[in-house]
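**Q** this one's structure only:
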C-alpha cells in the first residue's frame, strides 16, 4: 500500500488529515497564552441563543487539539461518550445502508474528508482570532 | 504527523485500511479465474427476494477491488454516482450533526473503521468461497 506523497492530491483523505495536523500544530505554536481565548465567542455563532450553548474559543482550542491527537494516532476509541452518542446515530442509519457496505464506505470516506476540511478552517480561524485578540492580527 | 507502524494498533483506522488492502491483494492473487464466480450467490443473502437483487460473487470481486484502489489512492471522488447517492444521505444527516463537527469527526472515523472491517471479512469469505468452487477449500 502506497501512501507516498506523490500519490496524494487535493482530494486525498490522507493529505487532508496531514493538513489538519499541520494547521493545528501551527495554531498551538502561535497561541502562547490559550487562556486569553476564554469567553471569546466563536465567530460562526450568529444568534444569541446558540451563542449561549456554544463553546468559547478556549474550549474550541482544546477540542481541536484533542481531535489532532486522535488523527495522529489514528486510533478509534470504542468506549468513550462520543462513541456512545454516535452509536445511536449509527443505528438510525443502518436501515438506510444495510447490505450495502460499498455505500457505507463512500459515505464515510467523503464524510471524513469533508469534516476534516471544516475543522482545518476552524483551526485557521481560531489562530487568526487569537492574533486579533493580542492585537497583531491583520 | 507520524504514521509509523509502531503507533498502529488493532483499533487504528490506518492499520485497518492497510489490512483491507492486503486481504484484497491476497484475494486477487488467489483468484486466477474470477469468471468462475459468475452467478455464485453471496453467502450472506438468506431470502430469495434479496438474492435476486443482490450481486453475485463475480460482481463482489470487482467491487472489492475497486474499493481497494480507492483506499490505496486515498482519493475522494467528487462527481460519481456513489457520491450523488451519498450527498442525499449526508443532507438528511446534517440537521442531526449541524454545528458539531466533532460529532461528525468521530462518527465518520468510527464508521469508516467499521465498514473496512466488514469489507475485509467479505474479501476473506470470497477468497474461501473461490477455493471451495475450484475444489481445494478446507
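**A** Noted; the coordinates are in hand. All values derive from a computational prediction rather than experimental measurement.

**Q** ok, then the element right after the helix or strand bottoming out on mean pLDDT in chain A?
**A** In chain A, no helix or strand scores lower on mean pLDDT, DSSP states H and E than helix A:48-53, which sits at a mean of 56. Toward the C-terminal end, the helix or strand that comes next after helix A:48-53 (DSSP states H and E) is helix A:57-73.

**Q** helices or strands next to that next one in the packing?
**A** Packing partners of helix A:57-73 (3 or more CB pairs under 8 Å, 6 or more residues apart in numbering or on different chains; DSSP states H and E): helix A:13-30, helix A:101-133, helix B:101-133. For glycine as for every other residue, the C-beta is placed from the backbone atoms N, C-alpha and C.

**Q** how far off helix A:13-30 does that helix point, in degrees?
**A** 140 degrees (axes from the mean of the first three to the mean of the last three CA atoms, to 10 degrees).

**Q** Give me the residues contacting helix A:57-73.
**A** The contact list for helix A:57-73 (CB atoms under 8 Å, 6 or more residues apart in numbering or on different chains) reads A:17, A:20-21, A:24-25, A:27-28, A:31, A:34-35, A:37-42, A:55, A:77, A:116, A:119, A:122-123, A:126, A:129-130, B:1-2, B:7, B:12, B:102, B:105-106, B:109.

**Q** Could you list the buried residues of it?
**A** Within helix A:57-73, the residues that qualify as buried are A:57-58, A:60-61, A:63-65, A:67-68, A:70-73, counting by 16 or more other CB atoms under 10 Å in any protein chain shown.

**Q** Quick check on the contacts of helix A:57-73: which are buried?
**A** Of the contacts of helix A:57-73, these count as buried by 16+ other CB under 10 Å: A:17, A:20-21, A:24, A:27-28, A:31, A:37, A:40-42, A:116, A:119, A:122-123, A:126, A:129-130, B:12, B:102, B:105-106, B:109.

**Q** Tell me how far residue A:41 lies from residue B:104.
**A** 21 Å (CB to CB, to the nearest Å).
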